[in-house]
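Student: Here is the input, now give the coordinates:
(one chain, ligands or ions: 1)
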Amino acid sequence: MTYRCSVCEELHDDLPDICFDKPDPWWGIPAEERDARIELTADTCIIDEEEYFIRGVLEIPILGYPESFGFGVWVSQKRENFYTYLKHPDSAAIGPFFGWLCTEMSFYEPSTWLLKTEAYFPGGSERPRIRLEPNGHPLALDQRQGMTLAKAWEIVHYYLDPPH
Ligand SMILES: [Zn+2]
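Tutor: Numbering: from 1, shown residues only. Reported below is the predicted structural model:
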């Protein structure tokens, strides 16, 4: 579905997801200590064997558009739930599990840091789905009410265009 973008005025096709490849606490570990203290994969992260994070998709419906917009974000998990997911990554029979959002999305004000979430596990090779607590935060409102395609592309440009 082609869309004339209101930000760059070009024609766009598919809406890309915006993904964060590590949880924010990764950045809080000094660079020279990361190898020793962090285990990071595309889907999971462990810091100091005591902080556990998983990556999931925070989906936002697009108004009048067949696909949703996805943010690849990280949420903390308690140890027990983290290992349940690690043991059964393809199971739809686990969860939902509580977690704190550990991805600061600077497009949004106020901060998205430590918003409350639940992780749902669709099973198969699908990533967990992250649902925000239904509060009044603008990101939570977008997830519940949907956003316009124009706003989604504004976010894509915000994250993918230099110098961000
Ligand atoms: Zn554009």
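Student: Let me see the contact set for the residue in the chain that the ion sits nearest to.
Tutor: Proximity to the ion, evaluated over the chain using Cβ to the ion, is greatest for C5 at 2.9 Å. All C-beta atoms are positioned from the backbone trio N, CA, C, and that covers glycine. C5 is in contact with L11, H12, A150, W153, H157, counting by Cβ atoms under 8 Å, 6 or more residues apart in numbering.
Student: among those, who's most crowded?
Tutor: Taking other Cβ atoms under 10 Å as the neighbour criterion, W153 ranks highest of the contacts of C5 with 22 neighbours.
Student: Unless I misread the structure, that one falls within a helix.
Tutor: Yes. Using DSSP: H, G, I helix; E, B strand; the rest coil, the secondary structure at W153 is a helix.
Student: Contact partners for it?
Tutor: Neighbour list for W153: Y3, C5, S6, V7, H12, L15 [criterion: Cβ under 8 Å, 6+ apart].
Student: One more: L160?
Tutor: Contacts of L160 by Cβ under 8 Å, 6+ apart are P16, I18.
Student: Ramachandran angles for it?
Tutor: phi -100, psi -20 (degrees, to the nearest 10).
Student: Could you report the pLDDT at it?
Tutor: What the model reports as pLDDT for L160 is 92.
Student: Give the burial count for S125, as a bare number.
Tutor: Close neighbours of S125, defined as other Cβ under 10 Å, add up to 7.
Student: Let me know the secondary structure of it.
Tutor: coil.
Student: Identify the residue spatially nearest to it, adjacent ones excluded.
Tutor: D90 (6.6 Å; Cβ to Cβ, 6 or more residues apart in numbering).
Student: Return the distance of that neighbour relative to Y159.
Tutor: Distance, D90 to Y159, by Cβ to Cβ, to the nearest Å: 29 Å.
Student: Name the helix or strand for the spatially most central residue of the chain, please.
Tutor: Centroid-nearest residue in the chain: V73, 2.0 Å away (criterion: Cα atoms, centre = their mean). According to DSSP states H and E, V73 maps onto strand 68-77.
Student: Then T117?
Tutor: Per DSSP H and E, T117 falls inside strand 116-120.
Student: Repeat that for E39.
Tutor: Assigned by DSSP H and E, E39 belongs to strand 38-40.
Student: what comes into contact with the helix or strand following that strand?
Tutor: As assigned by DSSP H and E, the chain's next helix or strand after strand 38-40 is strand 44-47. With Cβ under 8 Å, 6+ apart as the test, strand 44-47 has contacts from 22-23, 25-26, 29, 37-39, 52-55, 74, 82, 85-86.
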